[in-house]
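S.K.: Need coordinates for the below:
(6 chains)
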Amino acid sequence: MKTLTFLARSGPYGSSKAKALLDMVLSAAVFEQKIQYIFLDDGVYQLLSDQDSAQLGAKNVSAALPALDLYGVDRIYLDTESLQARGLQSRQLLIPAQPCNSDEIRSLIADSDMVFSL
Amino acid sequence: MKTLTFLARSGPYGSSKAKALLDMVLSAAVFEQKIQYIFLDDGVYQLLSDQDSAQLGAKNVSAALPALDLYGVDRIYLDTESLQARGLQSRQLLIPAQPCNSDEIRSLIADSDMVFSL
Amino acid sequence: MSTLHIVSKSPFRTDALQRCLSLVAPGDSIILIEDGVLAVNLSILGERISGTDVSCFALAGDLIARSLTTAGTEIQQADAASFVALVCEHRNSISYG
Amino acid sequence: MSTLHIVSKSPFRTDALQRCLSLVAPGDSIILIEDGVLAVNLSILGERISGTDVSCFALAGDLIARSLTTAGTEIQQADAASFVALVCEHRNSISYG
Amino acid sequence: MIISLVIHAAPGTSQGAQTALTFCQAALDAGHQIYRLFFYEDGVHNAHALAVWPQDERDLNAAWATLIRDHRLDAVVCVASALKRGVLNTDEAARYEKNAASLEPSFEISGLGQWVDACLHSDRVVSFGV
Amino acid sequence: MIISLVIHAAPGTSQGAQTALTFCQAALDAGHQIYRLFFYEDGVHNAHALAVWPQDERDLNAAWATLIRDHRLDAVVCVASALKRGVLNTDEAARYEKNAASLEPSFEISGLGQWVDACLHSDRVVSFGV
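M.R.: The predicted structure is shown next:
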């Protein structure tokens, strides 16, 4: 088993990156790898509740997040500094994520076999 | 005749944007429109002399710049602030460009029928 | 004879909004679209437009998708029809990537 | 067990370098590639690596294309073979877009 | 008013193509004339006839083709951008000895001259997906 | 060492594909084993058989195909990314009733499982063009 870390840095909808990284996470989960899923920078917007992308004709990227737990993806982290810089509150989030700072992210990265950032 | 303004904001080679905007400028020049070509942000790197992209297997984007004059494109501007922010000197530039500041760019834009930025 | 500034990228990840704010002139308007709407609560934007005759809009569909609102800001919501009207009302437009 | 940070976007136009510098740890290395080499003379990078055990490299082909040099900096030039060697010497890598 | 659009983004990668499509529909609804759609750089992928979208997503390639046909719009893809990205009409496919064309037939292939022409004949030209 | 590459960028649009190609060649020259090239998102355009490059530019599509054949590399394009971008092999073209295939035959179409497999069997996985 490998430890794979995913840095979700992109907002949802503006590009396909959020969805592309989520698909990687879910695939790795199917193969039962150890997954660390870290939301930082604009990636924190992916976690906001009440997203409604119907007007854009796009799929709701956040709809799959509650299923992460079923896939066994339970190491989900949120960069507190990114959240604060954007004036967001953790009570606005759709799924629970462990608050962390840069020190903690560095140590999650140091423990990883591979890191993917989108 | 229309006044078309081009904001070159991208560095050369990292993406096809510098080349794509240059191709628009040259096409508009063939149709003898009034052209204002403004280099700002990373676009100022397009003007550096001694670019050598052979190792990248890419065409030298700056090679076409000296031909702008032949195409009648002689309103070429350079944002001084962008140059300074990057620690560059105007003596390093391949072609002459008129130094300008944000005030002057705003007035060039106000005089334009259309503006294209890449 | 004014300009519509169209900002489609995140102010946290790119220089699009910053460049827009450096070029916006009195009488111009700004419209935030796509990831550009992430600027909706940004103080540098609010301060720049407050008390000026620069109007700022944000595409409603992009706000709703991202669970954002313009509440408490001076930014007005626009739908696609308003976006088209803004393009027509201004002499030219700049799309910042 | 350290990380190679691969920065491919301009520090003037994106947050790639900034995020890299916030995550770089002692013993890590940074390699600037593509438009990432535009950071070569940037003081925030020089100050971050000076006197630390963080090494910084820049791809020579990307520097030459853009008419940039590492003269006067603590950044070392790397060719493709050195890039491969750096990947092998570090446990993992992060590519910042 | 007479409006033209320049589309720089591929559908499915960045949101710009979708925004452009919505804008185009709204401009038509408001009674404006769309003089030309010019697809440049990655924008040419909007004209790719071989794209297959998942059933639960909006097929932007089909949406463009429908909009163009329904309103008889003039939709041009830049030839230099298209060739490099494998978007070919029958003539180009034959010329370069490729075994198939890939351009959705409601689009035409032409040069940047068509973009200049759009600038000359439009009141407004708006860029999407830059 | 055993190395795999993930390529996210289209050739001709961003420099990432060219960097990946040079890196791949250098890794082979240094005696490393390339376990797999995985083309994801816009990276699938590197496998587009219909691309026609200008004569004065390096044809990156051809360069990949040559490198893959010469070194018998395992090159996989992500099926979900490829379908949406019109990169189809003969089977997919038939299944979706498209009139042509567009995948350069030195590449295979498969799923993200092949990327996970590359992570499991490689010492290093490097991403390009993100």
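
S.K.: Tell me how far the most centrally placed residue in chain A lies from D:Ile31.
M.R.: Among the residues of chain A, the one closest to the centroid is A:Phe39, at 4.2 Å (CA atoms, centre = their mean). A:Phe39 is 26 Å from D:Ile31, where distance means CB to CB, to the nearest Å. Glycine gets a C-beta too; all of them are placed from N, C-alpha and C.

S.K.: From C:Ala65, how far out is E:Gln15?
M.R.: Counting by CB to CB, the gap from E:Gln15 to C:Ala65 is 9 Å.

S.K.: and for the two, which residues touch both?
M.R.: Counting by CB atoms under 8 Å, 6 or more residues apart in numbering or on different chains, the shared contacts of E:Gln15 and C:Ala65 are A:13, A:56, A:58.

S.K.: Is the second one in contact with C:Leu59, as I believe?
M.R.: What it means is A:Leu56. No - using CB atoms under 8 Å, A:Leu56 makes no contact with C:Leu59, being 9.5 Å away.

S.K.: Among those two, which residue is more densely surrounded?
M.R.: More neighbours surround C:Leu59 than the other of A:Leu56 and C:Leu59, with 27 against 21 (other CB atoms under 10 Å in any protein chain shown).

S.K.: Contact partners for the residue lying closest to C:Gly36 once chain neighbours are set aside?
M.R.: The shortest distance from C:Gly36 to any non-neighbouring residue, by CB to CB, 6 or more residues apart in numbering or on different chains, is to C:Val7 (3.9 Å). Neighbouring residues of C:Val7 by CB under 8 Å, 6+ apart: C:16-17, C:20, C:30-33, C:36, C:39, C:96.

S.K.: Go through these and name the one nearest F:Arg85.
M.R.: C:Ile33 (23.6 Å; CB to CB).

S.K.: what number of residues lie near that closest one?
M.R.: C:Ile33 has 25 neighbours, counted by other CB under 10 Å.

S.K.: Look at the spatially most central residue of chain C and report its pLDDT.
M.R.: In chain C, the centroid-proximal residue (CA atoms, centre = their mean) is C:Ile31; its distance is 2.8 Å. Here, the pLDDT recorded for C:Ile31 equals 98.

S.K.: Does residue 58 belong to a helix, a strand or coil?
M.R.: Just so you know, I chose chain A. coil (DSSP: H, G, I helix; E, B strand; the rest coil).

S.K.: was after chain C, sorry
M.R.: Secondary structure assignment for C:Ala58 (three-state DSSP): strand.

S.K.: Return the distance of the closest residue to it other than its chain neighbours relative to C:Leu4.
M.R.: Leaving aside its chain neighbours, C:Ala58 sits nearest to C:Leu32 (4.2 Å; criterion: CB to CB, 6+ apart). Going from C:Leu32 to C:Leu4 by CB to CB gives 12 Å.

S.K.: swap in C:Asp15?
M.R.: Distance, C:Asp15 to C:Leu4, by CB to CB: 19 Å.

S.K.: These two: which has the busier surroundings?
M.R.: Neighbour count, other CB under 10 Å: between C:Asp15 and C:Leu4, C:Leu4 has more, with 24 against 19.

S.K.: my read: that one touches C:Val24, true?
M.R.: No - between C:Leu4 and C:Val24 there is no contact under CB under 8 Å: 10.1 Å.

S.K.: quick one: low-confidence ranges for chain E?
M.R.: For chain E, no stretch has pLDDT under 70.

S.K.: Can you show me the CA trace of the longest helix seen in it as PDB?
M.R.: Secondary structure of chain E per DSSP state H: the longest helix is helix E:16-29. What follows is helix E:16-29, C-alpha atoms only, in PDB (Å, rounded to 0.1, in the frame of the first residue of the first chain):
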ATOM      1  CA  GLY E  16     -15.000  29.900 -21.000                       C
ATOM      2  CA  ALA E  17     -16.700  27.900 -23.800                       C
ATOM      3  CA  GLN E  18     -19.900  27.500 -21.700                       C
ATOM      4  CA  THR E  19     -19.900  31.200 -20.800                       C
ATOM      5  CA  ALA E  20     -19.500  32.100 -24.400                       C
ATOM      6  CA  LEU E  21     -22.400  29.800 -25.400                       C
ATOM      7  CA  THR E  22     -24.700  31.300 -22.800                       C
ATOM      8  CA  PHE E  23     -23.700  34.800 -23.800                       C
ATOM      9  CA  CYS E  24     -24.300  34.100 -27.500                       C
ATOM     10  CA  GLN E  25     -27.800  32.700 -26.800                       C
ATOM     11  CA  ALA E  26     -28.700  35.700 -24.600                       C
ATOM     12  CA  ALA E  27     -27.400  38.200 -27.300                       C
ATOM     13  CA  LEU E  28     -29.700  36.400 -29.900                       C
ATOM     14  CA  ASP E  29     -32.600  36.500 -27.400                       C
END
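
S.K.: Number of residues surrounding A:Gln51?
M.R.: So A:Gln51, with other CB under 10 Å, has 21 neighbours.

S.K.: Let me see the contact set for it.
M.R.: By CB under 8 Å, 6+ apart, the contact list for A:Gln51 reads A:12, A:60-62, A:94, C:65-67.

S.K.: pLDDT-wise, what's the bottom of those residues?
M.R.: Lowest pLDDT of these: A:Val61, 92.

S.K.: tell me the SS of the closest residue to that residue other than its chain neighbours?
M.R.: Leaving aside its sequence neighbours, A:Val61 sits nearest to A:Pro12 (CB to CB, 6+ apart; 4.0 Å). When classified by three-state DSSP, A:Pro12 comes out as coil.

S.K.: How much space separates A:Pro12 from chain B?
M.R.: 23 Å (CB to the nearest CB, to the nearest Å).

S.K.: That residue reaches C:Asp62, doesn't it?
M.R.: No - using CB under 8 Å, A:Pro12 makes no contact with C:Asp62, being 10.7 Å away.

S.K.: what's the longest helix in chain C?
M.R.: Max-length helix for chain C by DSSP H is helix C:80-89.

S.K.: how about that helix against chain E, any contact?
M.R.: Yes - judged by CB under 8 Å from any CB of the partner chain, helix C:80-89 comes into contact with chain E at C:80-81, C:83-85, C:87-88.
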